[in-house]
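Colleague: Here is my input, please return the structure:
(one chain, ligands or ions: 3)
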Amino acid sequence: MSFRRLLAALWTFLIATVAFCAAAQALDAVPVPLDDKTLDLTDVIEFASRTPSDRVQVSTAPAADGIVRRIEVRSNQPGGTSFWVFFALTNTGDEQIDRLLVAPHFRLAGSGLIFPDLGASRIASITPSQGFAPERQPSQDADVFRITLDPGAIVTFVAELRTPVLPQLYLWHPDSYKDAVNSYTLYHGIVLGISGLLALFLTIVFVVKGTAMFPATAALAWSVLIYLCIDFGFWDKVISVSPGDDQMWRAGAEVLLSATLLIFTYTYLNLNRWHVRYSHATIAWLVGLVILIGVSIFEPAIASGVARLSFAGIGIAGFVVIVYLALHHYDRAIMLIPTWLLLMVWIVGAALTVSGGIENDVIQPALNGGLVLIVLLIGFTVLQHAFAGGTVVQTAIGETERRALALTGAGDIIWDWDVPRDRIHTGADAEDLLGLKRGTLEGAARDWLDVLHPTDRDRFRATLDAVIEQKRGRIAQEFRLRGEDGHYRWFQLRARPVLGADGEVQRVVGTLSDVTEQRTAEERLLHDAVHDNLTGLPNRELFMDRLSAAMTRTKAEGAAQPSVFVLDIDRFKQVNDAFGLSVGDSILLMIARRLARLLKPQDTLARLSGDQFAFLLLSESEPDRIAAFADSVRRTLRAPITFGEREIFLTASIGIAMLDAAKPIEAEEMVKDAEIGMYYAKRNGGDRIEAFRPALRQHGADSLTLESDLRRALGRDEIKVFYQPVVRLEDRTVAGFEALVRWDHPKHGRLPPADFIPLAERSGLIIPLGLYVLDRAARQLADWQEQLGRDVPLFVSVNVSSRQLLRHDLINDVKSVLTRSPVQHGSLKLELTESLVMENPEYAAQVLGRIRELGAGLSLDDFGTGYSSLSYLQRFPFDTLKIDQSFVRGPAAREKRVILKAMIALAHELQMEVIAEGAETEDDALDLYDLSCEFAQGFLFGHAMPAAEAARLLFAEEEEALIA
Ligand code: C2E
Ligand code: MG
Ligand code: MG
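Modeller: Ligands and ions are numbered 1, 2, ... in the order given. Model (predicted):
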């Protein structure tokens with residue numbers, strides 16, 4: 001407790017001492033002259049020291065009788081204040097004096113730079129030592145009090161302040177004050193008028209000309225106008241602001257002034273053209289200023305301080321840039337020099353004023369006027385451009401600008417390596433291209449190694465080292481940089497070392513350009529030369545090259561014998577016609593992909609032309625395996641291609657040429673042989689595989705001759721019907737025969753049906769030929785049946801081709817054949833393939849129905865090679881199913897057996913008998929029997945043989961049975 005009391009006592013003592021000291025400085029009363037218009041009291045006033053309480057004690061100036069009195073003044077402000085000033089005035093004349101005490105709210109002079117005083121209401125109240133309290137006069141921008149001094153009076157005034165400082169206190173003659181205010185108002189009006197007109201005019205010019213520099217200039221003009229409005233107290237008339245409370249607005253206006261000056265400089269000098277760095281700096285600066293506008297609401301003094309510094313900064317930086325650009329003959333910069341010099345003078349003046357270096361009453365209006373003048377000059381400069389048109393810009397382009405423009409135009413990236421500091425600068429362009437984070441490519445040269453392609457690293461490092469060591473030369477190098485997604489892009493670096501005064505390399509500067517497109521184009525060209533551009537497969541040249549290489553290896557090293565397949569899509573032209581070329585291309589692409597899947601690594605698939613593909617098969621050399629491969633190619637192609645809602649069925653004609661070790665030929669010849677095979681397959685209706693044999697050459701040469709030969713052959717008995725036995729697997733007895741046609745050609749020898757049936761189909765000769773075979777087979781069957789007797793069942797099946805089926809007369813033919821040769825019901829069978837039936841299913845169903853009614857049997861031939869939809873084929877009245885040899889022959893792969901089993905089971909389910917074709921070995925036969933297949937046909941039981949031989953087989957059996 002006592003400590004507190006002690007402290008209070010000490011405090012009271014202190015105050016008393018201070019008060020005494022204040023009083024002790026004898027306060028001199030200032031005589032108020034009668035004639036002077038103004039009296040500056042700023043230096044006369046005494047500051048009472050800060051009092052902790054809401055009152056102050058002051059010793060008055062000595063009265064005429066020398067008595068000094070003490071007066072105490074209480075604060076009439078809520079909460080009290082601790083800032084007090086006092087001064088004394090005396091009227092030495094013999095007239096009453098009327099004066100105005102004026103304390104302006106804001107003074108630019110001495111307001112400060114860093115934390116400026118943005119003005120405020122200064123004096124709360126004034127208390128005189130005698131007489132009436134001075135009366136406050138209405139004023140927006142100053143605290144004005146009217147005082148009256150009687151003759152001979154010495155009055156001490158105690159003023160209670162609102163702010164710790166009082167920048168100025170004047171005693172004005174009322175009339176003069178009124179005059180001064182009026183003349184300022186006039187001046188303000190003029191300045192505001194000019195600046196308003198200017199702002200408006202520049203805005204209009206912008207609307208008319210639309211070039212970016214006009215709105216930038218107009219913005220500057222408007223912000224000057226706003227600044228002046230605030231400074232002149234004009235703002236208060238627009239927005240209601242209590243007197244002395246406009247700090248926020250003032251600070252905001254200063255920030256705005258700074259920002260618009262920056263925008264103007266940037267826009268007018270077209271800084272974006274020179275270097276992105278200018279844009280980045282400007283944007284960063286602007287963002288700072290925008291934030292500052294926000295700050296000005298809460299901390300006007302801080303905002304204003306920063307704005308003032310920023311304004312000066314822009315002025316100086318602008319000056320440097322302008323001088324630099326002017327030295328490089330940039331006309332805009334040259335034209336701005338006078339204005340900018342004025343601006344610099346203004347900035348120096350303002351800086352002096354603000355810091356208190358210049359202290360007079362004219363400087364503030366003068367600076368305001370100067371601001372308008374600067375904007376006016378800028379306006380003129382800008383207008384020159386507006387009316388000079390584009391010519392000035394086009395002709396008087398500076399060298400630097402030209403270079404900068406050229407760089408931007410070329411899309412090259414600046415690459416700058418600061419060698420002593422080991423920093424590479426590339427700007428954001430390269431990073432953007434690669435999708436890298438900003439700054440990834442900015443840094444030490446060794447950081448680049450991480451981004452470089454591993455194979456380019458050493459070369460890059462070595463080149464940089466070499467340039468630094470040799471201090472000359474030029475870098476021209478291409479390398480890859482890894483992008484964000486892991487893909488590499490190609491860049492070309494062209495740069496040169498720049499030597500410093502010490503002869504050392506200071507930097508290596510040049511450009512970096514993205515050459516990925518060119519590089520890939522080059523690579524593509526190289527690839528294109530030997531690859532097909534649609535499918536990407538090797539083309540004919542590459543194919544030929546690989547083929548001859550393979551043939552050489554076969555000869556030299558005894559490597560695998562190559563075989564060549566040439567494959568042509570059947571009726572591809574129709575696909576193109578029906579769906580258009582682009583669909584055709586997609587289909588070719590799809591085919592290429594399907595075929596490519598069949599390849600082993602050592603094989604080659606090439607696209608020879610349009611719809612022609614070729615295989616170079618090295619992985620298989622056994623004729624059997626090659627045939628199997630050909631078959632898998634055919635099957636692959638036959639799988640329907642779904643296109644939109646449609647399904648497209650494609651087939652191909654395939655020619656195969658195998659290398660004959662005995663007769664060495666050239667690669668060209670081999671492909672040609674395969675092509676002959678392919679053309680032959682095509683001529684024979686397509687969808688078939690044809691191995692080349694020398695006989696084909698002649699066929700190919702004159703199929704017309706062959707046709708006339710065939711015409712004659714029918715009359716000359718050259719056509720023979722052979723019979724291949726079909727055996728009951730249960731007891732291996734002959735159940736029937738398949739009639740297979742042969743042609744004993746006088747020149748070419750015995751031809752298989754594949755060599756002439758297609759030709760016969762095309763020429764229409766198939767009709768007489770087919771009828772001939774049917775008739776001969778029926779007669780033969782009737783003959784045999786007669787010999788065997790009624791109890792022994794025997795059938796003969798005859799192949800029917802598509803032309804025959806589609807002809808109405810087939811029914812009549814079958815009818816007449818059956819009348820001529822009475823055979824057991826259903827024992828003369830017609831064999832049709834499913835593709836034949838599917839050509840016209842409705843019609844086929846009808847015809848086949850009639851044929852069944854006539855008493856002929858029907859076999860479905862080559863089952864498993866086509867659509868293989870038994871449930872669909874159920875619609876047709878087949879009684880026998882012939883499973884294609886490809887499921888029977890050769891080693892039974894597991895899946896093959898599964899399918900075989902399923903087919904047999906299904907056929908039985910549908911009440912059909914099953915004949916397996918192509919049983920060549922005992923194993924095949926046993927297998928089939930195991931799968932409960934009842935009949936088999938194949939080389940194991942006999943080749944196709946002449947009738948006499950077939951009869952021997954049949955009757956020998958019969959005799960054996962009889963003997964048994
Ligand atoms: P296809 O109707 O499938 O006839 C069976 C073919 O397989 C016959 O060939 C036959 O000799 C052969 N073959 C039989 N067993 C085996 C075997 O165990 N292994 C192997 N690898 N092959 C076997 P061919 O005689 O050359 O007849 C070929 C095709 O010509 C026939 O196929 C048939 O579609 C057609 N064809 C034959 N004669 C005629 C005919 O008179 N008229 C019509 N339109 N086409 C006929
Ligand atoms: Mg057949
Ligand atoms: Mg068959």
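Colleague: Next, count neighbours for the closest residue in space to P640 that isn't next to it in sequence.
Modeller: Spatial nearest neighbour of P640, chain neighbours left out: E647 (4.2 Å); criterion: CB to CB, 6 or more residues apart in numbering. Any C-beta I mention is one placed from the backbone N, CA and C, and that applies to glycine too. Per other CB atoms under 10 Å, the neighbour tally for E647 reads 10.
Colleague: List the beta-bridge partners for E647.
Modeller: For E647, the beta-bridge partners under DSSP bridges are T642.
Colleague: Compute the distance between it and A667, please.
Modeller: 38 Å (CB to CB, to the nearest Å).
Colleague: For the residue of the stretch 801-950 of the chain found nearest ligand 1, report the pLDDT, please.
Modeller: In the stretch 801-950 of the chain, the residue that lies nearest ligand 1 is G938 (3.0 Å; CB to the nearest ligand atom). Confidence at G938, expressed as pLDDT, is 95.
Colleague: Double-check it against E922; I have them as touching.
Modeller: No - G938 lies out of contact with E922 (CB atoms under 8 Å); the separation is 10.9 Å.
Colleague: of these two, who's got more company?
Modeller: The residue with more neighbours, out of G938 and E922, is G938; 24 against 9, by other CB under 10 Å.
Colleague: Spatially nearest residue to that one, not counting backbone neighbours?
Modeller: A919 (3.3 Å).
Colleague: and if you look at A661?
Modeller: Q561 is the one closest to A661 (CB to CB, 6+ apart), at 7.1 Å.
Colleague: check contacts around that neighbour.
Modeller: 554, 621, 658-659, 661 (CB atoms under 8 Å, 6 or more residues apart in numbering).
Colleague: Now name the helix or strand holding the residue in the stretch 601-750 of the chain that ligand 3 sits nearest to.
Modeller: Closest residue of the stretch 601-750 of the chain to ligand 3, CB to the ion: E738 (7.9 Å). Assessed by DSSP states H and E, E738 sits inside strand 734-745.
Colleague: And that strand, what does it pack against?
Modeller: Using 3 or more CB pairs under 8 Å, 6 or more residues apart in numbering; DSSP states H and E as the contact criterion, the elements in contact with strand 734-745 are helix 703-716, strand 719-728, strand 749-751, helix 766-788, strand 795-799, helix 947-963.
Colleague: Of these, which stretch is the most buried?
Modeller: Neighbour counts (mean count of other CB atoms under 10 Å) averaged over each of those peak at strand 795-799, with a mean of 25.
Colleague: which residues are contacting that strand?
Modeller: Counting by CB under 8 Å, 6+ apart, residues outside strand 795-799 touching it are 723, 726, 735-741, 753, 773-774, 777-778, 780-781, 826-831, 857, 859, 861, 880.
Colleague: residue boundaries of the helices in the stretch 751-900 of the chain?
Modeller: Ranges of helices in the stretch 751-900 of the chain, per DSSP state H, counting those that start in this stretch, are 757-763, 766-788, 802-805, 809-820, 834-839, 841-854, 870-873, 894-909.
Colleague: so how far is the third one off the chain centroid?
Modeller: On the basis of CA atoms, centre = their mean, to the nearest Å, helix 802-805 is displaced by 58 Å from the centre of the chain it belongs to.
Colleague: Any part of it near ligand 1?
Modeller: No - Helix 802-805 is not in contact with ligand 1 by CB under 6 Å from any ligand atom; minimum separation 6.8 Å.
Colleague: got the CA positions of that helix in CSV?
Modeller: Taking Å, rounded to 0.1, in the frame of the first residue of the first chain, the C-alpha atoms of helix 802-805 are listed here in CSV:
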residue,chain,number,x,y,z
SER,A,802,-23.4,-72.9,-105.4
ARG,A,803,-24.4,-72.2,-109.0
GLN,A,804,-26.1,-75.6,-109.1
LEU,A,805,-28.1,-74.9,-106.0
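Colleague: For that helix, what does the pLDDT average out to?
Modeller: Averaged over helix 802-805, pLDDT sits at 82.
Colleague: go on, the last one?
Modeller: For helix 894-909, the per-residue pLDDT values average out at 87.
Colleague: So for it, what gets flagged as buried?
Modeller: 896, 900, 903-904, 907 (16 or more other CB atoms under 10 Å).
Colleague: mind giving me a markdown table with those residues and columns for distance to I468?
Modeller: Shown next, in a markdown table, are the buried residues of helix 894-909 (distance: CB to CB, whole Å):
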| residue | distance to I468 |
| --- | --- |
| K896 | 72 |
| L900 | 78 |
| M903 | 79 |
| I904 | 83 |
| A907 | 85 |
